[in-house]
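**Q** attaching a predicted model along with its sequence, questions to come.
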Amino acid sequence: MVIIGNGIAGVTCARHVRRYDPDIRITLISEESAHFYSRTALMYIYMGHMTYAHTKPYEDSFWPKNRLELLQARVESVHPKEKVLRLKGQESPFSYDILVIASGSRPRMLPVPGSEGPGVQGLYHLQDLERLEAMSPYLKQAVLIGGGLIGVEWAEMLLSRGVQVHFLVREKHFWNTVLDAREGQLLDRHLREHGVQLHLETEASEILRDATGQVSAVRTSKGELLPAQLAGISIGVTPNIDFLEGSGIVCGRGVRVDALNRTSEADIYAIGDCAEFQEAPAPGRKTLEQVWYTGRMQGEALAHTLCHPEDPSPYKPGPWFNSAKFFDIEYQTYGDVPAELRAGEQDLYWEHPEGKIALRLLFSQEASSDAVPRFLGVNSFGWRLRHAYFDQALRAGYPITRVLEELESASFDAEFSPRHAPKVRAAFRAATGLAVREPRKKSFFRFLFSS
Amino acid sequence: MGLGLFTYMLFQGSYRLEREDAAAVIKDIHQEALLPLLEPLYGQEYPSTHAFLSAYDALFQPYNEALKQEERWDEVIWDDYHFALSRSAASGGAVEAPLRWLTLTVGLMVLGGLLYILPLYRGEPAGIKHTGIFFSSMKNRGVLGILTGTYLISFYVILYWFPAYLNQAVFMVDPISKAISGNPASQWFLYGFLYTLIILVMGIRMFRKYRHSRYHLLRTASLMFFQLGFAFLLPEILVLLNQPWYDFKNIWPLDYSFFYTYRIEDMLASGGFGLFMLVWGILLIIIAVPIFTYFYGKRWYCSWVCGCGGLAETAGDPYRQLSDKSLKAWQVERYLVHGVLVFAVGMTFVTLANYFSSFALLGYATDQLHTAYGFLIGSAFAGVIGTGFYPFMGNRVWCRFGCPLAAYLGLVQRFKSRFRITTNGGQCISCGNCSTYCEMGIDVRWYAQRGQNIVRSSCVGCGVCASVCPRGVLKLENGAEAGRIQEELPIIIGNDSIKIKQ
């Protein structure tokens, strides 16, 4: 079995196959790094919170111990008929019986003049970090283009090295495809508090270069000229599948797979960021979801299918969840919480007076006035929530009032953290007129001797 | 600068021993032999501690060695008079102006520390402050870190084995000791004074660093309170009241001499209050440790009360990321820390057997064991390595590899406790912040990424893994015992494809 890619999807698949089958030979091929590392921690390496070694989830001895062979090489092409791969710089073909494509994604590039060349880059690979590190000594100003999660990571990294940061966001507020205006503005304020120069409703129209070809400035759609030595791109990622061209494997935006992660060719599977499902794998889920845990779950499911052909396990994700951190503000979401309400939905937004903690609860709009609305999802800021609770609440369709009444135990904040649940319940009562009970106050004895 | 002056001060002063000084500090049984022997020293002026002690050794060593050669064991002098003699002979420097030197050294250090700490993170939003740690020479084993470690190690070596060289510093804190207990200071008073001061100053640094987290604010305040009140002031006040020196929060076997004959006799000789101390100490061991650890985990002691923990969580905080997370280190840790526990328990057993039987041979074994334990564990491990190695191996070297009480608390925590660190479903992204900043070298991520509760005997419950997690995955909790230890590995929430075990 050969796995292209040593990211979370490929590595999870390899680990689980090894658990089910002690004998099969497993090889992981990656061009990027000799060992699996956590891509999500790239920013922390640059900021000096960690070193590269800290980002490796398994010790180097883990791989030989589990007989997982690692090969650092670039796959140039796949030949399904011959069941071989061609590796860069190697004469002889590399054969496989089962091939798993887990090649991940790559940053999308900017379609504006001047974006070809040094000083314009994404933040995805270890090599991106190396390039950034190389230019850091003379980096004074940077323009960040694209208002997503990676954009904030960019900003945090660069500010930690004293670089002046201009952040161009096309929309009226940050991350408007996912957050509503109140949530986006909360984060806008926080970004500015950290010294980010936020340019809303602004795009890059041109990247200017000096005589030596280095980036010197970025011209915005508003005509402003922002001096910069770097343009950091964060306009999303796209499946990394160029090497499959000509292989005959059917691709759309990503490698097209069925619910068992099978591609159009026999014995070839695709998982993780590069896999695009022909149909949404579950209601409310997208055909292409490029987050850490979907890669992990597809790896788990495929490993089970490969080792238990009699009991195949189609990929079936549960309710949507995700999380992120914007400088100091943590964000979590459970359920499908849209930026704009859809028909039959209503929400309650509560924000702490200091403006760094917020909760948006999404619930149904019932046709009859005596039915209690159902809980549909939640976004939280600066407020940790318990995944197990909300997963259950979404599956079982808890009434929103129950979720509010249980908000204390549904929270995951550290002990002694201030309690905000009563204020949220008060806001809910005021907004809807529905009755929500306060949980019984814990006696001092219970506080001392039970959780 | 304060530190520089402190070091400079140690070389100040001069020595001039008079016969009456010597007579005042030498034990009666040695007076006959030593007073005439030291005749050449009397009235002489020595410019440095080293010169004085060398002159003393030149007289004393040949005499004592000769006795040993002739196997006249009854007459051999085992007492070390370096510290006492040099103290009685010293003049100049801090002897004449203790408060001036105290201000110039410790005062300047505290002032400098506060001038740095108080404005720390001012004008910055509250949050995790780990930027640049691995670029720091001090915090990532650079030149500054190595120098700091070397200085600390040297200080401990001098403190334990050559305290006479700290003479000047001890004189400096004399007025404070006299004000509290009425007695002149010893090197241990000096140590306790500096130790407490460092915890207080660096505790303020923790208040600045973690101003967004009540958990850290509370436990830091608790550590500062117990160090100042229980470890420093109360024992000295007890001495003032003619009671035995006793730290009410120090628990055997960390307090390894608790069952030593002289301690027990001291307590028994001090009436009802002494008896209370003895009972209190035993209750802590057999009641408080199991009960509190059952309800809260060992953190109630290690991260809220303990003095070693107090130093580690304040002065040691900048070095927490240097702990070794490898599997190898974990294996070494388990052998070492439980080995020390066995050593301490065995030694105490022999001591008590000796106490109750007064059997001569046992008495000899007890002395040998006490000497070995005191040297190897009490001084070398807990002090020199435990603190001196902060800048090399992280701030919990002693707690992790050597503390017998931590081992005992850990056994309770592992097998009979409501404490665990809960992981939050499928949110972990394996970034590694938790493992990196675990001072006990626990690979927290190993558990978090497979959705497993963290139940480890070594966890001191400092809560930093949970604070640094960018995805809100970790939470320290006390809860029902059922399901705490997940023998059957858990299923990460969110994948309905299969009910897979990690």
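**A** Now that the structure is in, tell me what you want to look at. Residues are numbered from 1 along each chain as shown, chains lettered A, B, ... in the order given.

**Q** counting contacts, what elements does the helix or strand where residue B:8 lies pack onto?
**A** Residue B:8 belongs to helix B:2-9 when elements are defined using DSSP states H and E. Helix B:2-9 sits against helix B:108-117, helix B:167-180, with contacts defined as 3 or more CB pairs under 8 Å, 6 or more residues apart in numbering or on different chains; DSSP states H and E. Just so you know, the C-beta spots here come from the backbone N, C-alpha and C atoms, and that holds for glycine as well.

**Q** deepest in the core, which of the ones you listed is it.
**A** Stretch with highest mean neighbour count among the helices and strands packed on helix B:2-9: helix B:167-180 (a mean of 21; mean count of other CB atoms under 10 Å in any protein chain shown).

**Q** avg pLDDT for it?
**A** Helix B:167-180 shows an average pLDDT of 91 in the prediction.

**Q** so how far is stretch B:203-215 from its chain's centroid?
**A** Computed by CA atoms, centre = their mean, to the nearest Å, the chain-centroid distance of stretch B:203-215 equals 22 Å.

**Q** if you could redo that for stretch B:465-475, that was the one I meant.
**A** Here the centre of stretch B:465-475 is set off from its chain's centre by 29 Å, with CA atoms, centre = their mean.

**Q** in chain A, which residue is most central in space?
**A** residue A:291 (3.8 Å; CA atoms, centre = their mean).

**Q** quick one, what contacts that residue?
**A** Shown in contact with residue A:291 (CB atoms under 8 Å, 6 or more residues apart in numbering or on different chains): residue A:322.

**Q** any idea how far it is from residue A:272?
**A** 10 Å (CB to CB, to the nearest Å).

**Q** also residue A:58?
**A** Between residue A:58 and residue A:272 the distance is 18 Å, computed by CB to CB.

**Q** pick out whichever of those two has more residues nearby.
**A** The neighbour count for residue A:58 versus residue A:272, taken as other CB atoms under 10 Å in any protein chain shown, is higher for residue A:272 (34 against 20).

**Q** got a pLDDT number for residue B:135?
**A** Per-residue confidence at residue B:135 stands at 96 (pLDDT).

**Q** surely it meets residue A:49?
**A** No: counting by CB atoms under 8 Å, residue B:135 sits too far from residue A:49 to count as a contact (10.2 Å).

**Q** run through the chain and note the low-pLDDT ranges.
**A** You didn't say which chain, so I picked chain A. For chain A, the stretches with pLDDT under 70 are A:450-451.

**Q** let's do chain B instead
**A** Counting by pLDDT under 70, chain B has low-confidence residues at B:359-360, B:487-491, B:499-502.

**Q** how much space between the residue in it positioned nearest to chain A and residue B:492?
**A** Minimum separation of chain B from chain A (CB to the nearest CB) falls at residue B:425, amounting to 2.7 Å. Distance of residue B:425 to residue B:492, given as CB to CB: 7 Å.

**Q** overlap in contacts, those two.
**A** Taking CB under 8 Å, 6+ apart as the contact rule, residue B:425 and residue B:492 both touch residue B:451.

**Q** and the longest helix for the chain?
**A** Just going to use chain A. Counting residues, the longest helix found in chain A (DSSP state H) is helix A:292-307.

**Q** to clarify, I was referring to chain B.
**A** The longest helix of chain B (DSSP H) is helix B:327-357.

**Q** what's that helix packed up against?
**A** With contacts defined as 3+ CB pairs under 8 Å, 6+ apart, helix B:327-357 has these neighbours: helix B:261-268, helix B:360-373, helix B:397-401, helix B:404-415.

**Q** what is the neighbour count of the residue of chain B closest to chain A?
**A** The burial count for residue B:425: 25, using other CB under 10 Å.

**Q** which one is it nearest to, not counting chain neighbours?
**A** Spatial nearest neighbour of residue B:425, excluding adjacent residues (CB to CB, 6 or more residues apart in numbering or on different chains): residue A:387 at 2.7 Å.

**Q** tell me how far the closest residue to residue A:127 other than its chain neighbours lies from residue B:401.
**A** Of all residues not flanking residue A:127 in the chain, residue A:32 sits nearest, at 7.0 Å (CB to CB, 6+ apart). As defined by CB to CB, residue A:32 lies at a distance of 37 Å from residue B:401.

**Q** likewise for residue B:90?
**A** Going from residue B:90 to residue B:401 by CB to CB gives 38 Å.

**Q** could you do residue B:439 as well?
**A** According to CB to CB, residue B:439 stands 12 Å off from residue B:401.

**Q** repeat for residue A:170
**A** The spacing between residue A:170 and residue B:401, counted by CB to CB, is 55 Å.

**Q** ok, residue A:262 next?
**A** Relative to residue B:401, residue A:262 is positioned 51 Å away (CB to CB).

**Q** okay, these two: which has more neighbours?
**A** Set residue A:262 next to residue B:401 and count neighbours by other CB under 10 Å: residue B:401 wins out with 25 against 17.

**Q** run through the residues of the stretch 401-502 of chain B sitting next to chain A.
**A** B:418, B:422, B:424-427, B:429-433, B:435-436, B:445-446, B:449, B:463, B:466-467, B:470-472, B:475-480, B:492-498, B:500 (CB under 8 Å from any CB of the partner chain).

**Q** which members of those are classed as buried?
**A** Among those, those classed as buried by 16 or more other CB atoms under 10 Å in any protein chain shown are B:418, B:422, B:424-427, B:429-433, B:435-436, B:445-446, B:449, B:463, B:466-467, B:470-472, B:475-478, B:492-498, B:500.

**Q** which of those residues fall within helices?
**A** Among these, the members falling in helices (DSSP H) are B:433, B:435, B:436, B:445, B:446, B:466, B:467.

**Q** now the fourth one: closest residue in space that isn't a chain neighbour?
**A** Taking CB to CB, 6+ apart as the measure, residue B:445 lies nearest to residue B:435, with 4.5 Å between them; neighbours along the chain are not counted.

**Q** what ranges does chain A have for its helices?
**A** A:8-20, A:42-46, A:62-65, A:126-135, A:149-160, A:181-193, A:292-307, A:387-396, A:400-405, A:407-410, A:421-432, A:444-449.
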